[in-house]
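Novice: I need the structure of the sequence given here:
(chains A and B)
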Number of protein chains: 2
Amino acid sequence: MKPRMSKIIDGRKIAEEIQNELKQKVKELKNRGVTPQLATVLVGENPASLSYLRRIQKSFGAVGISTDVFKLPKNVTQEELEKKIAEISRDSRIHGILLQMPLPKHIDVTEVSEVINPNKDIDCINPLNVGLFLLGNPRFIPCTPLAVCEILRRSGYDLKGKEVVVVGAAGRVGRLTTLLLIKNWATVTACDIATRDLANHTRNAEILISAVGKPRLITADMVAEGAVVIDIGVSRVEDPERPGKFKLVGDVDFDAVKEKVSAITPVPGGVGPVTTAMLISNTVKAAEMIEGLRS
Amino acid sequence: MKPRMSKIIDGRKIAEEIQNELKQKVKELKNRGVTPQLATVLVGENPASLSYLRRIQKSFGAVGISTDVFKLPKNVTQEELEKKIAEISRDSRIHGILLQMPLPKHIDVTEVSEVINPNKDIDCINPLNVGLFLLGNPRFIPCTPLAVCEILRRSGYDLKGKEVVVVGAAGRVGRLTTLLLIKNWATVTACDIATRDLANHTRNAEILISAVGKPRLITADMVAEGAVVIDIGVSRVEDPERPGKFKLVGDVDFDAVKEKVSAITPVPGGVGPVTTAMLISNTVKAAEMIEGLRS
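Specialist: Reported below is the predicted structural model:
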């Protein structure tokens, strides 16, 4: 495998590259009289969600897409939430809808997801869109799996015929990622908590993808020399260098693993920023579809 | 692995076992005043489809479920077909709808599938139901993958932690099967046409599943001693014993492979009959759901 980029894959740089391409597309849309518009729906006041939404808003803004933020109280009923989403779904000014997770426990996520206009479902959570994705006829591709494939593609790695191992394949993101890799003709081994000898599988991976959310799950002895490692996991752990403070880490024991591999994504600054870029990309696609500029 | 049954897994016997259980459920439904009813929709006069439908009708009949057959001409328009399916979808007498594939090339299968009432979609082809299945919240489970898991379960094989290889994983049935196996905590390696060293993977399988439709694809040297082999593939080939006549064969070189394995499904008489039993099972489930006897 010949990497085009340095060993540590710079997700922020790839995201910037993509966002510059999207900025151009947004300009063209505006020239045709179409102003792409995002709506985010937030239930409750979770600080992590608020800070995520601010980052989303900033990234969309940088590309020329503004955001309507709809905040609903933590105790909103299923009916009220669905009514609000139905209203946004009908609003012809809005092209993309992002429903911030997690939702409070009393809300049925699947039922709410079904109310999102499938043509505006940029995060691909409406089961109808999930089904079209599985059937190979997708309206939108889920952002995290799409980011993984885009990172590999833009770093010069072709998936066809590659030995790929997904750790955490039984989770939502793991399942969607496994499917997209299969679709791209990789030979995918789907591992999860019941896998008997995980290291035996991961050591055979040319491309290793972890989507668990468990720090230091993937250690150096589990990775082949020269492999490519994509770390989807995100955990919040105490920062040893700043007592009482926290930092984000991935599933991979980064410092040790990076010495063995030919390429690796860091956390933060790896899959995350590219996932946001894919969310913007889906919003631009939605605006083009809705305005009939694209089939 | 300890098989409960003889080496050659008798799909017809398993199907009969399941159908006897279902017969009891149908009786109970009828006692409560609910008569489960199947509707099949056939476009054109394909002889293979007609003979398949007759078998379906017979199997459902044996359980006490009668079938309405709707035949439409080969040149039916998309609109007419969707109108007919919408009509059947609304008919409160009908609990399950089976749309016979393949459809003529001028018909958009996905769009037609979306018209099938999701509560009557016993073959799980409406993208909404496919999405709910992928999201782990299924209304119906697709019949062929369900048959594979049911065969393994009723033959005494647990999937949890098992090394399973799916050959033909990129096809529709292969993808759905891979997902269901992952959901059942198997470690699944998804292989297809681009897989570099297929035999190297298949030889490591404790359970080997093939869903390609290519005769003698899986030869004895590709299978581990004592493995369990499930053959989903079906091909029509010339019968050497009856010149000019045809017979059905699976993907597996059955006579040679059966000497090495601890269990194997034949073709015909393996996955096929159990898939039909799962179709009946989904119809009974649909009747129970629609009549509110089940959540």
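Novice: hang on, A:Asp68 packs against A:Leu42?
Specialist: No - the pair A:Asp68 and A:Leu42 does not pass the contact test of C-beta atoms under 8 Å, sitting 11.3 Å apart. All C-beta atoms are positioned from the backbone trio N, CA, C, and that covers glycine.
Novice: the more surrounded of the two?
Specialist: Of the pair A:Asp68 and A:Leu42, A:Leu42 is the one with more neighbours under other C-beta atoms under 10 Å in any protein chain shown, namely 18 against 15.
Novice: what about that one, which helix or strand?
Specialist: Taking DSSP states H and E as the criterion, A:Leu42 maps to strand A:37-43.
Novice: Residues in contact with that strand: which ones?
Specialist: Here strand A:37-43 makes contact (C-beta atoms under 8 Å, 6 or more residues apart in numbering or on different chains) with A:49-50, A:53, A:56-57, A:60, A:65-74, A:76, A:81, A:84-85, A:88, A:91, A:93-100, A:103-104, A:107, A:122, A:283, A:287.
Novice: So which residues on chain A come close to chain B?
Specialist: By the criterion of C-beta under 8 Å from any C-beta of the partner chain, the positions of chain A lying close to chain B are A:110, A:114, A:126-137, A:160-161, A:163, A:169-170, A:172, A:175-176, A:178-179, A:182-183, A:185-196, A:201.
Novice: Just the buried ones from the residues you listed?
Specialist: The neighbour-count criterion (16 or more other C-beta atoms under 10 Å in any protein chain shown) marks A:114, A:126-135, A:161, A:163, A:169-170, A:172, A:175-176, A:178-179, A:182-183, A:185-192, A:195, A:201 among the residues of chain A next to chain B as buried.
Novice: From A:Thr276, how far off is A:Lys25?
Specialist: Taking C-beta to C-beta, to the nearest Å as the criterion, A:Lys25 is separated from A:Thr276 by 16 Å.
Novice: ugh, wrong one, I meant A:Pro145
Specialist: Plainly put, A:Pro145 is 14 Å away from A:Thr276 if you go by C-beta to C-beta.
Novice: who's more crowded, the two?
Specialist: With other C-beta under 10 Å as the criterion, A:Pro145 and A:Thr276 differ in neighbour count, and A:Pro145 comes out ahead with 27 against 22.
Novice: I'd guessed the more buried one sits against A:Val173; true?
Specialist: Yes - with contact defined as C-beta under 8 Å, A:Pro145 counts as touching A:Val173 (7.2 Å).
Novice: Please list all residues in contact with A:Val229.
Specialist: A:207-210, A:218, A:223, A:252, A:257, A:261, A:263-265.
Novice: switch to 6 Å and redo it
Specialist: Shown in contact with A:Val229 (C-beta atoms under 6 Å, 6 or more residues apart in numbering or on different chains): A:208, A:252, A:261, A:264.
Novice: Can you tell me which of these is nearest chain B?
Specialist: For chain B, the closest of those turns out to be A:Leu208, at 14.2 Å, with distances computed as C-beta to the nearest C-beta.
Novice: Would you confirm that that closest one contacts A:Val165?
Specialist: Yes - counting by C-beta atoms under 6 Å, A:Leu208 does reach A:Val165; the two are 5.3 Å apart.
Novice: Identify the contacts common to these two.
Specialist: Common contacts of A:Leu208 and A:Val165 (C-beta under 6 Å, 6+ apart): A:Thr202.
Novice: What separation is there between the closest residue to A:Asp108 other than its chain neighbours and A:Glu114?
Specialist: In this structure, A:Asp108 finds its nearest non-sequential neighbour in A:Gln78, 6.2 Å apart by C-beta to C-beta, 6 or more residues apart in numbering or on different chains. Between A:Gln78 and A:Glu114 the distance, using C-beta to C-beta, works out to 12 Å.
Novice: How about A:Gly171?
Specialist: From A:Gly171 over to A:Glu114 the distance is 21 Å, taken as C-beta to C-beta.
Novice: again, but for A:Thr177
Specialist: Between A:Thr177 and A:Glu114 the distance, using C-beta to C-beta, works out to 23 Å.
Novice: got it, and A:Val229?
Specialist: Distance, A:Val229 to A:Glu114, using C-beta to C-beta: 36 Å.
Novice: Does A:Asp121 touch A:Asn129 like I think?
Specialist: Yes - in this structure, A:Asp121 is within contact of A:Asn129 by C-beta under 6 Å, at 5.1 Å.
Novice: Torsion angles phi and psi at A:Val274?
Specialist: phi -70, psi -30 (degrees, to the nearest 10).
Novice: give the contact list for it.
Specialist: A:11, A:14-15, A:147, A:150-151.
Novice: try 10 Å this time
Specialist: If a contact means C-beta atoms under 10 Å, 6 or more residues apart in numbering or on different chains, then A:Val274 has A:9, A:11-19, A:143-144, A:146-151, A:154, A:265, A:281 as its contacts.
Novice: The residue lying closest to it once chain neighbours are set aside: neighbour count?
Specialist: Sequence neighbours aside, A:Ala147 is the residue nearest to A:Val274 in space, at 4.0 Å (criterion: C-beta to C-beta, 6+ apart). Taking other C-beta under 10 Å as the neighbour definition, A:Ala147 ends up with a count of 30.
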